[in-house]
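> give me the fold of what follows.
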Amino acid sequence: MLFVAGQVGWDVQGRMVEGFVAQFRQALENVRAVLDAAGVPVANVGRVTVYVTDKQAYIAGSREIGQAWRAVLGRHFPAMSLVQVADLLEEGATVEIEVTAVLTAGPG
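Below is the predicted model of the structure:
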């Protein structure tokens, strides 16, 4: 199993990107980078938990979020939970995404 800790919308320079959908996409790209570094295909992701500070922003951006999802993770849609929280640890973060993936397929 690979447990990817919560990824936020930091770019490669460590700066938080602006905007809810942009943070969602960047967090997905950060998750993808961890999966790629571990050699784990997206298809092996079994669970995703998305923490947001504003579920209305998620709902309002759902079309663009879906486009970002497909662009970064393709058409693999594992079990997902969305949790609204009061705040996130990282200053300015509005989205945090964590995933659990299987490293190898089991028997048969």
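> run a quick neighbour tally on the closest residue to residue 90 other than its chain neighbours.
Nearest-residue entry for residue 90: residue 8, 4.9 Å, with adjacent residues in sequence omitted and distances by C-beta to C-beta, 6 or more residues apart in numbering. For the C-beta atoms, the positions are set from N, CA and C on the backbone; glycine is no exception. Neighbour count for residue 8, taken as other C-beta atoms under 10 Å: 21.
> ok, residue 27 next?
With other C-beta under 10 Å as criterion, residue 27 counts 26.
> you'd agree it is in a helix?
Yes - counting by DSSP: H, G, I helix; E, B strand; the rest coil, residue 27 is part of a helix.
> surely residue 4 forms part of a helix?
No - applying three-state DSSP, one finds residue 4 to be strand, outside a helix.
> what pairs with it across the strands?
Beta-bridge partners for residue 4, by DSSP bridges, are residue 99.
> give the contact list for it.
Going by C-beta atoms under 8 Å, 6 or more residues apart in numbering, residue 4 touches 31, 34, 35, 98, 99, 100, 101.
> just these now: which is nearest residue 24?
The nearest member of the contacts of residue 4 to residue 24, counting by C-beta to C-beta, is residue 31 at 10.7 Å.
> got the confidence number for the closest one?
Residue 31 is assigned 98 on the pLDDT scale.
> flag every buried residue along stretch 11-23.
Across stretch 11-23, burial judged by 16 or more other C-beta atoms under 10 Å covers 16, 17, 20, 21, 22, 23.
> by neighbours, which of the contacts of residue 4 wins?
residue 99 (27 neighbours).
> so who does that one touch?
By C-beta under 8 Å, 6+ apart, residue 99 lies in contact with 3, 4, 31, 35, 45, 47, 48, 49, 78.
> in the residues you listed, find the pair that's most separated.
Across the contacts of residue 99, the longest distance by C-beta to C-beta is 15.3 Å; it joins 35 and 49.
> in this protein, where is pLDDT below threshold?
Applying pLDDT under 70 to the chain picks out residues 105-108.
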